[in-house]
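> how does the following fold in three dimensions:
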Amino acid sequence: MPATVPRVAGVVFVAPYFLPTTNRFMAAVAELPGVGVGLVSHDPVDKLPPEIRSRLAAHYQVGNALETGQLLQAVQALGSQLGGVSTILGPLEELQVPLAEVREILGIEGVDPNTAANFRDKNRMKRVLREHDLPCARHRLVGDARTARQFVSEIGLPVVAKPPAGSGSRNTFRLNTPQQVEDWLHWSPPSPDEPTLLEEFIVGDEHAFDCVFLDGEAIWWSITRYHPTPLEVMENPWIQWAAILPRDIGGPEYAGIREAGPAAIAALGLKTGLVHLEWFRRADSSVAISEAAVRPPGAQFSTLISYAHDFDLYKAWAGLMVYGKFSPPQRVFAVGAAYLRGQGTGRVKAIHGLERAQSEVAGLVIEVKLPQEGQAGSGHYEGEGYVIVRHPQTAVVERAIAAIISNVEVELG
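Numbers count the residues shown, from 1 in each chain. Predicted coordinates:
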């Protein structure tokens, strides 16, 4: 980031709720020099930490920040206080289409509605990829039982059912047998108003490809391995998920995604921004793109990427989106996260095995959030807490993550 920057017109940051990760992105934007920041939120501004609130130039509270009309009214009101608006941004996936629609109405640069819809609507996204001969799962958006059965007959079982605008594997499940298909059609039938996206079930290792585009070119990327896939974790409540960022991502094992990832992002229309793309590597090393979102990654991935490259991705994203500047960092560490997932139902009752895990990973832990007694179970693959480890050697990180996952048990009850 340049030491001296020109003052830009106002920046509007949209955050429906003040979640910890959202607050980190908001703080990064508010700390940019030469920028007046206005905030749009559902939450009242007095819920913000004082150190962030003191940096804001203006605030506008709405009933629904995901509704384009309310968001437009808020941006116009903030613009009158900020002396104009040059940038509208927010890190949540659900925001990207309404943000783009407001940009178009007001003539503000950034991701346009067509590009935002290409990323947000997963059926549309895969159609665009196939039109450009890019690898992705076979799929069909189904609005009735006949179409669903026809798709299953064409490609065979299993298939994955998911909402066309979902994220984070929420409401995503696998149909393995004809009876499961019929049960799903009976209890939760798709309709023209609420269609379901059916996809070919891909067997392979799942990864993330986080990529920065600047003026239509891929200038930097990061790769993360999932252990195991989030869908498998959701199907097996006893599994604790893990994510590993290997130090070396320049080898032949990642050649396929280094080619297909940027090509997919370009096909979807992005000029400048950060994309979180998920993909599979099959046993034959071929690549299949699963999903892509024009936003920073979730699940502490922005923190993991920051640790792996010894820089601050939150601040780098803010500079990219506001100034159009990004200095690609080098990968200098391997990093891993073990997500501590409660066993059973209810609230956190106890944590077992911490001492054993600590003795095996001493000196490697750089961040930890332990589940707290009485905390409600999340019901999600990210669990109730996490442990992050770092080391220059990928194998050391892999052993540490295995030690944490195998020793630590979160009891719910």
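> quick one: low-confidence residue ranges for the stretch 1-150 of the chain.
1-8 (pLDDT under 70).
> can you give me the strands in the stretch 151-300 of the chain?
Under the criterion DSSP state E, counting those that start in this stretch, the stretch 151-300 of the chain contains strands at 159-162, 173-175, 196-200, 205-214, 217-227, 242-245, 273-281, 287-293.
> check which helices and strands the first one sits against.
If you count contacts as 3 or more CB pairs under 8 Å, 6 or more residues apart in numbering; DSSP states H and E, strand 159-162 packs onto strand 173-175, strand 196-200. (C-beta placed from N, C-alpha, C; glycine too.)
> nearest to Val12, of these?
Judged by CB to CB, the one of those that comes nearest to Val12 is strand 196-200, at 31.6 Å.
> looking at the helices and strands packed on strand 159-162, which is closest to Ala65?
The closest of the helices and strands packed on strand 159-162 to Ala65 is strand 196-200. By CB to CB, the value is 25.2 Å.
> what are the phi and psi angles of the most centrally placed residue in the chain?
By CA atoms, centre = their mean, the chain has its centre lying nearest to Pro297, at 3.3 Å. Note on Pro297: its backbone torsions stand at phi -70, psi 160 [degrees, to the nearest 10].
> and the gap between it and Asp121?
19 Å (CB to CB, to the nearest Å).
> cool, Leu72 as well?
Where Asp121 is concerned, Leu72 sits at a distance of 21 Å (CB to CB).
> cool, Phe201 as well?
21 Å.
> now Val408
Taking CB to CB, one finds Val408 at 39 Å from Asp121.
> what does Met234 give?
22 Å.
> same drill for the two, tell me which one is more crowded.
Set Met234 next to Asp121 and count neighbours by other CB atoms under 10 Å: Met234 wins out with 20 against 17.
> let me see the contact set for the more buried one.
169, 172-173, 380-381 (CB atoms under 8 Å, 6 or more residues apart in numbering).
> what's near enough to touch the nearest residue to Gly261 once chain neighbours are set aside?
Nearest residue to Gly261, sequence neighbours excluded (CB to CB, 6 or more residues apart in numbering): Phe209, at 4.4 Å. Each residue near Phe209 by CB under 8 Å, 6+ apart is listed here: 221-223, 257, 261, 277-279.
> Ile88: neighbour count?
Ile88 has 29 nearby residues by other CB under 10 Å.
> quick one: contacts for Asn114?
Gly269.
> run the last query once more with 6 Å
If a contact means CB atoms under 6 Å, 6 or more residues apart in numbering, then Asn114 has no contacts.
> swap in Val159?
So Val159 contacts 152, 175, 198, 201 (CB under 6 Å, 6+ apart).
> the helices in the stretch 1-150 of the chain, which residues?
Taking DSSP state H, counting those that start in this stretch as the test, the helices found in the stretch 1-150 of the chain are 20-30, 50-53, 68-82, 96-106, 113-120, 122-131, 145-155.
> CSV for those, including distance to Ser41?
Listed next are the helices of the stretch 1-150 of the chain as CSV, based on distance: least, CB to CB, whole Å:
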stretch, distance to Ser41
helix 20-30, 9
helix 50-53, 11
helix 68-82, 9
helix 96-106, 14
helix 113-120, 20
helix 122-131, 27
helix 145-155, 39
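> out of those helices, which gets nearest to Glu398?
helix 20-30 (25.3 Å).
> buried set for that closest one?
21-30 (16 or more other CB atoms under 10 Å).
> cool, stretch 279-297 as well?
For stretch 279-297, using 16+ other CB under 10 Å, the buried residues are 279-281, 287-297.
> try stretch 52-62
52-53, 55-60, 62.
> can you give me the end-to-end span of that stretch?
19 Å (CA to CA, to the nearest Å).
> which residues are contacting that stretch?
Against stretch 52-62 from outside (CB under 6 Å, 6+ apart): 26-27, 30, 36-40, 45, 70, 74, 77-78, 81-82.
> again, only using 7 Å
23, 26-27, 30-31, 36-42, 44-45, 70-71, 74, 77-78, 81-82 (CB atoms under 7 Å, 6 or more residues apart in numbering).
> what sits closest to Asp248 if chain neighbours are left out?
Here the residue nearest Asp248, using CB to CB, 6+ apart, is Thr394, at 7.0 Å.
> please verify my assumption that that neighbour contacts Val335.
No - with contact taken as CB atoms under 7 Å, Thr394 and Val335 are classed as non-touching, separated by 9.4 Å.
> looking at those two, which one has more neighbours?
Using other CB under 10 Å, the more surrounded residue of Thr394 and Val335 is Val335, with 27 against 18.
> which positions within stretch 267-280 qualify as buried?
267-270, 272-280.
> CA atoms only for it, dumped as PDB, please.
What follows is stretch 267-280 as a C-alpha-only set of coordinates in PDB (Å, rounded to 0.1, in the frame of the first residue of the first chain):
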ATOM      1  CA  ALA A 267     -15.500 -16.700 -17.700                       C
ATOM      2  CA  LEU A 268     -17.800 -15.600 -14.800                       C
ATOM      3  CA  GLY A 269     -16.900 -12.000 -15.600                       C
ATOM      4  CA  LEU A 270     -14.800 -10.700 -12.700                       C
ATOM      5  CA  LYS A 271     -12.500  -7.800 -13.300                       C
ATOM      6  CA  THR A 272     -11.200  -7.000  -9.800                       C
ATOM      7  CA  GLY A 273     -11.900  -8.800  -6.500                       C
ATOM      8  CA  LEU A 274     -11.200 -11.800  -4.400                       C
ATOM      9  CA  VAL A 275     -12.900 -15.100  -5.200                       C
ATOM     10  CA  HIS A 276     -13.300 -18.200  -3.100                       C
ATOM     11  CA  LEU A 277     -13.500 -21.200  -5.400                       C
ATOM     12  CA  GLU A 278     -14.000 -24.800  -4.300                       C
ATOM     13  CA  TRP A 279     -12.800 -27.700  -6.400                       C
ATOM     14  CA  PHE A 280     -12.100 -31.500  -6.500                       C
END
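> report the rounded mean pLDDT for that stretch.
The predicted model gives stretch 267-280 an average pLDDT of 97.
> same thing with stretch 284-301?
pLDDT averaged over stretch 284-301 gives 94.
> that stretch: how far from the chain's middle?
8 Å (CA atoms, centre = their mean, to the nearest Å).
> right, I'll call it a day here.
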